[in-house]
Each structure stands twice: as structure tokens, then as C-alpha cells.
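Turn this into a structure:
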Amino acid sequence: MMAWIKANKVAFFYIVACLLAWSIGGLMIARRFGLVDVPGWPHYLTGLGPAAAALLTAALTGDLRDLLARITRWRFGGVWWLVVLSPLLLFAVAAPIQWIITGEPPALAGLGNVEDIGQIGVVGAALLWLATFGFGEETGWRGFAQHHLQQAHGARRTALIVGVLWIVWHLPYFFYQSTFMSFGVLGTVGWSIGLVAGAVVLAWLYNGTGQSILAVALWHALFNLASAAPGSEVVLAPAMSVAVIGAAIILRRVEANRTAEAPA
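Residues are numbered from 1 along each chain as shown. Alright, predicted model coming up:
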């Protein structure tokens, strides 16, 4: 068994990540249909599945020290820190757009209003997103899956592979999370494109910061904080997602041109 895990570490990681998250997701689905009486906050524990799977797999394969070092890696250039904080800029640009279209500006206090938990303040919400879907997801998707797969497939192709794996991992959400259940066919397609675009941007950020999990975790947490507030699904979140898709397209073209210009 250990030999198989070492030879197929990403596959083992993914199986465990899905089992952990989908177990909680199954409980949340049962809650939605009235089969169990539990609160909604365990949903946020699903985000810890990829990190737990990455830490377990790394411990079994002898990669734990390296993984832990990348979780706390903070020494990267100031320009990259601006990229890390860019979701706040996206919010600053998208907020006036929502104001113009809806006639109401986004309520900043709403950033601290977390679904299934309630009002915990902006700082509390930021810390929640950072711990769960920040470090929880990014330790797995970029810190483990992207990190190992790109050694064989290259960063560009791996970003797309991880994007698809990421989409599938979210499947239980479509059966109990109100936002996901409201998507419809076109909304699901748009969300999937946005998620793959996010995988491209995060892979670029991960490698550009010297493979810092901290960098991508902060970006992910700030994006969720800004785009998941109540009412943001009308204009704010779609506008931010369109910006990420645009950034991913630019990155893919730049990388493709760089590859084409490289000497044979």
C-alpha cells in the first residue's frame, strides 16, 4: 500500500480530499432534506479536506517538512504582495459597478455576514475564510496537487488539470448550498470557467512567489471575503469573476508566446 501511495501521491491525496469533504457534504445534504438536525456551519469544514489530505499524504511520503515550509513562506517581492492583495482592488472596482446597476452600494458590514453563521465582523470573516477555504484548500490544490503534477506536466497544463479536479471536488455543494443550487445550467458553466481561470491565476501566483502557500491562501481568502457577502451574487461576484477570467486569458497568452519564442 505504501509503495502505491508513494507512486501515486496525487491520486491518493485527491481520493482522501474528496472523501473528507464529501462526508461532511453528505451530512449537509441530509440536513437540507430534513434527515438530520444539525447546524449549517460544518459546511466550512469541507474546506479543510484538501489540507488534511495533503498533510496526511506528505507525512506518508516523506514530504511533510517541505510542505510545512511552503505554508509559511512569506519572503517574496513587494509586487507579488500587491498581487496577493489584488482581490481588494477587484472589490473596489466592482463595488461602484454594483452601485450603478442596482442603485445600492455594497454594505461593507455585509462582508462580515457569513452564511450559516451570521454576523461575525469583517475580521472574523476574513480569518474564517483564511483558515478554511484559504489554507484549507490551497495547501491541497496548489501546495500539493499543483506542486507535484507540474513537475511532470508543466505549470500551464497542470493548472487546467487541477482546475478540473477542483470542479469535481465541489459537487456536493450543488445539492445543499443555496448559491450553487441557484446557478442553473448557464450559471454552472460560468462558475466552472471561473474556477478554472482561478486555478490558472493561482498557479501563476504560487510559482511566482517561490511556491508560497501563504500567498495563494491569502488571495483565495480575500477573494471569498469580497465576493461572498450577502447580495454580491447579483453584480459584485460575477464582475470579480470576469476580471479573474480576463487575467487568466492574458496569462495563458503571455505564457504561450513565451514558450513559442523559446529556442528549440
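
rest of the way, CA atoms for contacts and neighbours
Noted.

need the helices for this protein, in chain order.
For the chain, the helices defined by DSSP state H occupy 2-7, 9-32, 49-61, 64-71, 78-84, 86-102, 121-129, 135-140, 147-153, 155-169, 178-181, 184-208, 213-227, 236-261.

centre of the chain versus the shortest one, how much separation?
If I follow you right, that is helix 178-181. Centroid separation between helix 178-181 and its chain, computed with Cα atoms, centre = their mean, to the nearest Å, is 17 Å.

Kindly reformat the helices of the chain as JSON lines containing distance to residue 109 and mean pLDDT.
Output for those, formatted as JSON lines (distance: least, Cα to Cα, whole Å; pLDDT from 0 to 100):
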{"stretch": "helix 2-7", "distance to residue 109": "46", "mean pLDDT": "94"}
{"stretch": "helix 9-32", "distance to residue 109": "27", "mean pLDDT": "98"}
{"stretch": "helix 49-61", "distance to residue 109": "29", "mean pLDDT": "99"}
{"stretch": "helix 64-71", "distance to residue 109": "30", "mean pLDDT": "98"}
{"stretch": "helix 78-84", "distance to residue 109": "23", "mean pLDDT": "96"}
{"stretch": "helix 86-102", "distance to residue 109": "13", "mean pLDDT": "88"}
{"stretch": "helix 121-129", "distance to residue 109": "7", "mean pLDDT": "96"}
{"stretch": "helix 135-140", "distance to residue 109": "24", "mean pLDDT": "99"}
{"stretch": "helix 147-153", "distance to residue 109": "37", "mean pLDDT": "97"}
{"stretch": "helix 155-169", "distance to residue 109": "30", "mean pLDDT": "98"}
{"stretch": "helix 178-181", "distance to residue 109": "20", "mean pLDDT": "92"}
{"stretch": "helix 184-208", "distance to residue 109": "26", "mean pLDDT": "97"}
{"stretch": "helix 213-227", "distance to residue 109": "11", "mean pLDDT": "96"}
{"stretch": "helix 236-261", "distance to residue 109": "15", "mean pLDDT": "88"}
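
quick one, which of those is packed in tightest?
Comparing the helices of the chain by mean neighbour count (mean count of other Cα atoms under 10 Å), helix 135-140 ranks first with a mean of 28.

For residue 113, which of the helices of the chain is the nearest?
Ranking these by distance to residue 113, with Cα to Cα as the measure, places helix 121-129 first at 6.9 Å.

Check which helices and strands the closest one is in contact with.
strand 113-114, helix 213-227 (3 or more Cα pairs under 8 Å, 6 or more residues apart in numbering; DSSP states H and E).

residues in contact with it?
The contact list for helix 121-129 (Cα atoms under 8 Å, 6 or more residues apart in numbering) reads 109, 111-114, 221-222, 224-225.

Out of these, flag the one nearest to residue 134.
residue 221 (4.8 Å).

Was I right to think the closest one contacts residue 134?
Yes: taking Cα atoms under 8 Å as the contact criterion, residue 221 and residue 134 are neighbours in contact, 4.8 Å apart.
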